[in-house]
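**Student:** sequence and predicted model, in that order:
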Amino acid sequence: MSILKTIQSPADLKRLPPSKFPALCQELREQIIGVVSSVGGHLASNLGVIELTVAMHYLLDTPDDKIVWDTSNQAYAHKLLTGRREQFHTLRQYGGLSGFCKREESLYDTFNAGHAGTGVSAAYGMVEAREQLGQKHKVVCVVGDGAMTAGMTLEALHHAGGLNKDFLVILNDNQMSISKNVGAISSYLNRTFTGEFYTKMREETGQLLSKIPHIGQDMQKLARRAEELARGAILPGLLFEELGFRYAGPIDGHNFEHLLPTLENVLRMKGPVLLHVITKKGLGYEPAVQNPIWFHACPPFVRESGAPAKKAARPSYTQIAIDSLVKLARQDSRIVAITAAMCEGTGLNAFEKEFPDRLYDVGIAEQHAVTFAAGLAAQGMRPVVAMYATFLQRAYDQVVHDVATQNLPVTFCIDRGGLVAEDGTTHHGAFDFAYLRHMPNMVVMAPKDENELQHMLKTSLQYDGPASVRYPRGVSLGVPMDPAPAALPIGKGELLRDGDEVAIVAVGVPVWQAVKAAERLAEEGVSTAVINARFVKPLDHDLIVSTAKRVRYVVTVEEGCKMGGFGSAVLEALSEAGVTGVKTKVLGLPDWYIEQGPQDLLRERYGLTAEGIYGSIKELIGSGAGQAVKEGALSASLTHLPHGDEQGS
């Protein structure tokens, strides 16, 4: 009988003998692999924390005791043990379970998080709330070693260590974040019991003890204690001890004989404690062990082989962007690339292969990445910062204060702009147009297709100031590519089709949907112009205003938030130019956090498809006016038809 099926909550887990935990962990792995192979998701990190998850829910009294998962993309086993097993097949699907912790989903999910480095701060806030309210529960934060490069994590450890409240931080150390860890802190943490010096010391200690005749148990314990003290002197504990934490570990995070008693002991300790647990990403599924980077966040795959379930027919926008960057870097040795623990995700591993000395992965440190780029630019380099739109939000002040105010030539390659599908609320790139367009000196671009993308990269790297190029997640459109990138005139859009009744002003991926909508309207006799704005800032005022003055309706389209975004910029331009007598409508994302779901479904839901744009325009011009136009067009067409055709119609 399945053990997992008997567990509806951690209370059921507590009734199991620990001897059954390995079998339970195997079932959890099978369930996770089966679902993720079907729907995609975060696999390697989840397989690595299964034993730790079981141990925590066995020893803690959740949900009264609080577990905070930093990032929370590794909480699949947590979901399965907390009453969500029957819904687990809906993981990351529209209307289904989130791929992250979500307070709205379960009492056991204490904090929503999709970005690394927030866990210790949030958990320590819960510690202080407990103290203020006179409560007694425990608070545990699970944080990955990759997140130790995040400034917030270190700030929170500094704060918590100085106030001496009961608080457990579990450092889940698998020597990786999304990509391989980088930097001095990673090197420091890697001095674990696998290190040559400590391994040799342990072997020699064992040999010495075995040669001493009739050594008593007390002496053995004393010798082992001396060994532990020596370990503490050479291993990562010193850093955390200096920050005010009692350090325990490192221990094997997959061995219940070590994990359960150690975790039980540290939960009894007073004050701030850090337990260092060594785990293996992808454990239990060999393809994920061998390729943990790809299986960090993977699409559906063939379970037997680990190969992708389907291969993209065309290159992604990400690939096009980085291929273009490589071409440009061959011509300009000043071009360097920077990412924050997202080398593979942003495609910069291809840049690194050709220019290994010109790629900087700074770890999960987005703020540092941007100011580091500013320093490079101040000395004549041409840095390119490649980040997902949702992660660039974390460095907002650095973009303002360190780049834009100094008008430094830093290029921001903003990947995953717009709707990003199954990762949902915390990962949609909804806000970048709005939070970049109000910065003085900033140029904000978004291409309608991959060919325009390569030209925008050239434009940004040739511009003597800060510029951003925003492109979506997913495969490109398959349009013909010009042989080489060429700079576009700053602030100049293009009129893709002319018309005198409606003007659609679109930017980025919705442009071609706007063209399709205009074609359908034209078939009904509604003369519709389409402008590809190209630039959110500076806008092509001349083109937009002159077109608006000769139409009755202006509709803007963007895959970003409507409040303060591209549409707002167009309305501001029309107001400044004194354009009157024109009805307007802004199409984009509404004022709430967008749910998870396939890109096509979400675009349909929020009216950003050709059908949605067409429907919004019909609503704007009014069914009566539209019908009148349609009837007039039909009447005109009938006068040109032979009598027989007219009768037949």
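**Tutor:** Structure received. Numbering: from 1, shown residues only.
**Student:** in this structure, which residue is closest to the centre?
**Tutor:** Computing the C-alpha centroid of the chain and ranking residues by Cα atoms, centre = their mean puts residue 427 first, at 4.7 Å.
**Student:** spit out the contact partners of that one.
**Tutor:** Residues near residue 427 by Cβ atoms under 8 Å, 6 or more residues apart in numbering: 114, 388, 390, 416, 420. (Each C-beta comes from the backbone N, C-alpha and C, glycine too.)
**Student:** pLDDT wise, what is the spatially closest residue to residue 90 that is not a sequence neighbour at?
**Tutor:** Nearest residue to residue 90, sequence neighbours excluded (Cβ to Cβ, 6 or more residues apart in numbering): residue 96, at 2.7 Å. Looking at residue 96, its pLDDT is 95.
**Student:** roughly how far does residue 96 sit from residue 496?
**Tutor:** Between residue 96 and residue 496 the computed distance is 38 Å (Cβ to Cβ, to the nearest Å).
**Student:** cool, residue 332 as well?
**Tutor:** 31 Å.
**Student:** between those two, who's got more neighbours?
**Tutor:** residue 496 (17 against 11; other Cβ atoms under 10 Å).
**Student:** residue 534 is in contact with the more buried one, correct?
**Tutor:** No. Residue 496 is beyond contact range of residue 534, at 10.9 Å (criterion: Cβ atoms under 8 Å).
**Student:** who's in contact with stretch 304-313?
**Tutor:** Here stretch 304-313 has contacts from 37, 285-288, 291, 295, 298-302, 475, 478, using Cβ under 8 Å, 6+ apart.
**Student:** of those residues - the most surrounded one?
**Tutor:** Ranking those using other Cβ under 10 Å puts residue 288 first, with 27 neighbours.
**Student:** what's near enough to touch the closest residue in space to that one that isn't next to it in sequence?
**Tutor:** Spatially, and ignoring its direct neighbours in sequence, residue 288 is nearest to residue 282 (3.0 Å; Cβ to Cβ, 6+ apart). Residues in contact with residue 282 (Cβ under 8 Å, 6+ apart) are 43, 44, 47, 48, 288, 289, 290, 291, 292, 295.
**Student:** which of those residues fall in helices?
**Tutor:** Mapping these onto helices (DSSP state H) picks out 44, 47, 48, 288, 289, 290.
**Student:** can you tell me the SS state at the residue nearest to the last one when sequence neighbours are not counted?
**Tutor:** With Cβ to Cβ, 6+ apart as the measure, residue 282 is the residue that lies nearest to residue 290, at 7.7 Å, once sequence neighbours are left out. Assigned with DSSP: H, G, I helix; E, B strand; the rest coil, residue 282 falls in the coil class.
**Student:** let me know the distance separating residue 282 from residue 532.
**Tutor:** According to Cβ to Cβ, residue 282 stands 44 Å off from residue 532.
**Student:** for residue 416, same thing?
**Tutor:** From residue 416 to residue 532 the distance is 21 Å (Cβ to Cβ).
**Student:** counting neighbours, go ahead and name the busier of the two.
**Tutor:** Neighbours were counted for residue 416 and for residue 532 using other Cβ under 10 Å; residue 416 has more, 28 against 25.
**Student:** which one (most neighbours) among the contacts of residue 427?
**Tutor:** Counting neighbours by other Cβ under 10 Å, residue 416 comes out on top of the contacts of residue 427 with 28 neighbours.
**Student:** please report phi then psi for that one.
**Tutor:** With angles defined as degrees, to the nearest 10, residue 416 sits at phi 60, psi 40.
**Student:** now swap in the one 4 residues further on and tell me
**Tutor:** The phi and psi values for residue 420, taken as degrees, to the nearest 10, are phi -120, psi 10.
**Student:** low-confidence ranges, this structure, go.
**Tutor:** Flagging of the chain using pLDDT under 70 yields the residue ranges 176-236, 623-649.
**Student:** could you list the domains of it?
**Tutor:** Listed domain ranges for the chain are 4-192+235-290, 317-470, 494-622 (source: automatic domain parsing).
**Student:** ok, which of the ones you listed comes nearest residue 488?
**Tutor:** In terms of Cβ to Cβ, the element of those nearest to residue 488 is domain 317-470, at 4.7 Å.
**Student:** hey, where'd the helices end up in the stretch 101-250 of the chain?
**Tutor:** In the stretch 101-250 of the chain, the helices defined using DSSP state H, counting those that start in this stretch lie at 119-133, 151-161, 184-189, 196-211, 217-234, 237-242.
**Student:** what does the stretch 351-500 of the chain give?
**Tutor:** With helices called from DSSP H, counting those that start in this stretch, the stretch 351-500 of the chain shows them at 366-378, 389-392, 396-398, 432-437, 450-462.
**Student:** return the most buried member of those.
**Tutor:** Per-stretch averages of neighbours, counted by mean count of other Cβ atoms under 10 Å, single out helix 389-392 among the helices of the stretch 351-500 of the chain, with a mean of 26.
**Student:** can you tell me the closest non-neighbouring residue to residue 252?
**Tutor:** What sits nearest to residue 252 in space, not counting adjacent residues and going by Cβ to Cβ, 6+ apart, is residue 258, at 5.1 Å.
**Student:** doesn't the one you found fall inside a strand?
**Tutor:** No. Checked against three-state DSSP, residue 258 lies outside a strand; its state is helix.
**Student:** any idea how far it lies from residue 61?
**Tutor:** Here the criterion is Cβ to Cβ. By it, residue 258 lies 22 Å from residue 61.
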